[in-house]
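[1] One predicted model, sequence on top.
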Amino acid sequence: MANAFEHVHGLGADPLTGDTYAATHQGVWLIPTGVLDDTYLAGAPRADATQPLQIAGLAQDTMGFTVAAPGQLLASGHPDPAEPSDLALPNLGLISSTDGASTWVALSLAGKTDFHDLDAVPLDDGTLRIYGYDAGAGTISISDDSGLTWSAGAKLALRDLSADSAQADRLYATTAEGVVVSTDVGRTFTAVPGAPVLLLLDTVDANAGGGLVGLDPSGVVWRQDDAETWTQTGTTGHAPEAFAVVGGSSPWILVADATGISASNDFGNTWTALVTLSS
């Protein structure tokens, strides 16, 4: 188990099932949340397990991962080398699961693209706009038909991207120079004034105050409460590997680092350990 969590690429929680996931170098894992109280889960069912579970025994290298919509996961990366698979080599392109990562189907770009980051927002017609970071090309890719076809966006050396669920045309990214934002569907970017240099970031639901929350390279949690004001709200004390905001009116955050996976419902002031790795 420890080896899997030394390579956490993505985190997320499904509002339909309440399941919490870690996408790793060795597959997607179900993360136990039974230690969390109702201030986190907001009525969602709790996992009964006390240890992480590798879903369906699949050890694919899940590089890009997102809970795209209630009941739907999207991922990218590389197939499990030890298992026969219908998924293409060497890159998965975009794959989708509607059964909690037990099975996956290829949507597009099979064999061609390795997305190292993915995010999705709903459009007015019910389809998903999907943003992906093509690691090989160093460019942002955009799909407006739920991942079937793609267009090219900006070429950008980024570490993390996050779409604004309230404004589908707005996309944030972290770079070595600071946080940048696009308001034209990922085609061009400008610096976010006053933002700290963050490694990872995500957006907060409008009904929870909106804005951004992110972690800098040392693990300090920063929250933006309006267009220009950023506040340190806590710290993990470690360099972060993966990060996600679990939405809702009482949001909580998930962070993976060298110590394991932890959750916070006060933007990093206090933490609850979900997966603990031995030192």
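    Received the coordinates, thanks.

[2] going forward, measure contacts and count neighbours with C-alpha atoms only.
    Fine.

[3] Any stretches of the stretch 151-279 of the chain with poor pLDDT?
    Within the stretch 151-279 of the chain, the stretches with pLDDT under 70 are 226-227, 279.

[4] Show me where it has its strands.
    Here the stretch 151-279 of the chain has its strands, by DSSP state E, counting those that start in this stretch, at 151-155, 160-164, 167-175, 178-182, 190-191, 200-203, 212-215, 220-224, 230-235, 240-246, 252-257, 260-264, 272-276.

[5] Pull the residues that contact the longest one.
    The list of residues contacting strand 167-175 from outside it, by C-alpha atoms under 8 Å, 6 or more residues apart in numbering, reads 121-123, 129, 157-164, 179-186, 197-201.

[6] repeat for stretch 199-210
    Stretch 199-210 is contacted from outside by 159-166, 173-175, 211-217, 225, 240, 242-245, 247-251, using C-alpha under 8 Å, 6+ apart.

[7] which SS state does V121 fall under?
    Assigned by DSSP: H, G, I helix; E, B strand; the rest coil, the conformation of V121 is strand.

[8] surely it meets S162?
    No. When contacts are counted by C-alpha atoms under 8 Å, V121 is not listed as touching S162 (9.8 Å).

[9] and stretch 262-275, which residues are buried?
    S262, A263, S264, N265, F267, G268, W271, A273, L274, V275 (16 or more other C-alpha atoms under 10 Å).

[10] One more: stretch 22-34?
    The neighbour-count check on stretch 22-34 (16+ other C-alpha under 10 Å) flags A22, A23, T24, H25, Q26, G27, V28, W29, L30, I31, P32, T33 as buried.

[11] Tell me how many other residues surround the residue lying closest to the fifth one once chain neighbours are set aside.
    Excluding the flanking residues, the one nearest Q26 by C-alpha to C-alpha, 6 or more residues apart in numbering is A59, at 4.1 Å. Taking other C-alpha atoms under 10 Å as the neighbour definition, A59 ends up with a count of 21.

[12] Now for A59: which residues touch it?
    For A59, the contacting residues are H25, Q26, G27, V28, P79, D80, taking C-alpha under 8 Å, 6+ apart as the criterion.

[13] let's go with 6 Å and repeat that
    If a contact means C-alpha atoms under 6 Å, 6 or more residues apart in numbering, then A59 has Q26, G27, D80 as its contacts.

[14] Just these: which are in strands?
    When DSSP state E defines the strands, the subset of the contacts of A59 inside them is G27.

[15] Can you lay out the contacts of A59 as TSV showing pLDDT?
    Compiled in TSV, the contacts of A59 are given as follows (pLDDT from 0 to 100):
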residue	pLDDT
Q26	92
G27	94
D80	83
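
[16] Distance to V105 added to the strands of the stretch 151-279 of the chain, as TSV?
    Below are the strands of the stretch 151-279 of the chain laid out as TSV (distance: least, C-alpha to C-alpha, whole Å):
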stretch	distance to V105
strand 151-155	21
strand 160-164	24
strand 167-175	25
strand 178-182	30
strand 190-191	36
strand 200-203	27
strand 212-215	31
strand 220-224	36
strand 230-235	38
strand 240-246	24
strand 252-257	27
strand 260-264	28
strand 272-276	29
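
[17] Could you say which one of these comes nearest to D37?
    Across the strands of the stretch 151-279 of the chain, D37 has its closest neighbour in strand 272-276 (10.1 Å, C-alpha to C-alpha).
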